[in-house]
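In: A predicted structure for the sequence below; I have some questions about it.
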Amino acid sequence: MKKMLVLRLSAIGDVAMTVHAVRSLRKKYPDLGITVGTRKRLAGFYEGVPNINFLFFPEKAGVCDIFRFVSKAKSTGLDFTADLQNNLRTTIIRLLMKLSGSKVAAYKQMTIAKWRVKRRFRKDLTPLRNNALRFCDVFAALGFPVPDPEIVREVRPVPAGFGSKKGIWAGIAPFSRKEKKIYPLDSCAELIRLMSFRFDKVFIFSGPGKEKKFCEEMMSIFPCVETVFGRTDLAGETALISNLDILVTMDSATMHMATLTGAPYVAIWGGTHPSTGYSAYGADWKKNYIQVDLPCRPCSSYGEGSCRYGDFHCLEMISPNMIIQQIEKLTGLDLPQKA
């Protein structure tokens, strides 16, 4: 039996996108041994992909950890190495695997093409090939062409501690590690207020610190609001998202998590733009996205940098009412106002 190592160590959203490609690979080649090299905390994304193994990379790794990882990979007799990241660490791993006899191929970063979009040779915003499909291209380069992945609607069991689903559930993920991808908190508070009138439960996805504090403030004001942070892992968050009737998210990992189970979502785009290839796989831009056309957009490929004008007008112009209207348009729900 032939065996393949599939490498993607980070980031959260990008690892989630690899699942589409790996799922298609598994479906097309049921007898291929697939080992995914990633961080342990990200393995839950692959819950819906059968018969795969994992080789976990340390959260904090030095040179010695890279060699130990390669040694373990070699011991499993891997014939192919698909590098779906192509950064310094995975390049070293890939080259060492090649020296051991493994056939290798790597994801193409398309740095110049992304730069052209970001620098706005802007009369042409022709979308770059989606990342999930470019991951599939790596498999094809190794001799394993796969069909374009399918998005399948799947509802997973609600994680423990969230109760059984009753009524209409919504989620909101307004945060990101990148400033250009954070919905303004005053607008976010108003959006949560509007959502609390229309949904039986509103779950806020966040991180620690200031994000958690904001969630707690919203919970103290609106009884139907619950925070998700600290109550489950990434696999649990994905399962919870699968039960939502709508998720409002930024151009962030949560958006890509929604695609893993085909959950309905509305994504807000600020300084970034789906043309750079980081679009959610399978998205309908008119239905799933909200963005405003400004001469300064896009100013970033994945959220790097800061707003050149300092006002984040691209996000400020997207009002809570616009988002509610987009939710109704996407879901077809005539959402009741409970208050």
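Out: Yep, it's here. Numbers count the residues shown, from 1 in each chain.

In: report the residue ranges of every domain in this protein.
Out: 3-141, 169-331 (automatic domain parsing).

In: where does the stretch 101-250 of the chain have low pLDDT?
Out: 111-124 (pLDDT under 70).

In: on that earlier part again, output the domains of the chain as TSV; include the columns distance to residue 154.
Out: In short, each C-beta sits where N, CA and C put it, glycine included. Listed next are those as TSV, based on distance: least, C-beta to C-beta, whole Å:
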stretch	distance to residue 154
domain 3-141	7
domain 169-331	4
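
In: between these, which gets nearest to residue 151?
Out: Comparing the domains of the chain by their distance to residue 151 (C-beta to C-beta), the top pick is domain 169-331, with 4.1 Å.

In: do me a favour and get the end-to-end distance for the closest one?
Out: 12 Å (C-alpha to C-alpha, to the nearest Å).

In: could you do stretch 293-311 as well?
Out: 16 Å.

In: which residues touch the residue lying closest to residue 42 once chain neighbours are set aside?
Out: What sits nearest to residue 42 in space, not counting adjacent residues and going by C-beta to C-beta, 6 or more residues apart in numbering, is residue 15, at 4.7 Å. With contacts defined as C-beta atoms under 8 Å, 6 or more residues apart in numbering, the neighbours of residue 15 are 8, 9, 38, 39, 42, 45.

In: quick one, which of the domains of the chain is packed in tightest?
Out: domain 169-331 (a mean of 19; mean count of other C-beta atoms under 10 Å).

In: am I right that residue 6 falls within a helix?
Out: No - under DSSP: H, G, I helix; E, B strand; the rest coil, residue 6 falls outside any helix and is assigned strand.

In: can you report phi and psi for residue 27?
Out: phi -70, psi -40 (degrees, to the nearest 10).

In: that one and residue 49: what is the separation?
Out: From residue 27 across to residue 49, the span is 9 Å (C-beta to C-beta, to the nearest Å).

In: which stretches of the stretch 151-300 of the chain form strands?
Out: Secondary structure of the stretch 151-300 of the chain (DSSP state E, counting those that start in this stretch): strands at 169-173, 201-204, 225-227, 246-250, 265-268, 289-290.

In: so how far is residue 311 from the closest residue to residue 239 other than its chain neighbours?
Out: Nearest residue to residue 239, sequence neighbours excluded (C-beta to C-beta, 6+ apart): residue 156, at 3.9 Å. Here residue 156 is placed at a distance of 40 Å from residue 311 (C-beta to C-beta).

In: what does residue 44 give?
Out: Counting by C-beta to C-beta - residue 44 and residue 311 are separated by 38 Å.

In: ditto for residue 148
Out: 39 Å.

In: my guess is residue 102 meets residue 83, correct?
Out: No - at 10.8 Å, residue 102 does not count as touching residue 83 under the criterion of C-beta atoms under 8 Å.

In: ok, now which ones touch residue 150?
Out: residue 24.
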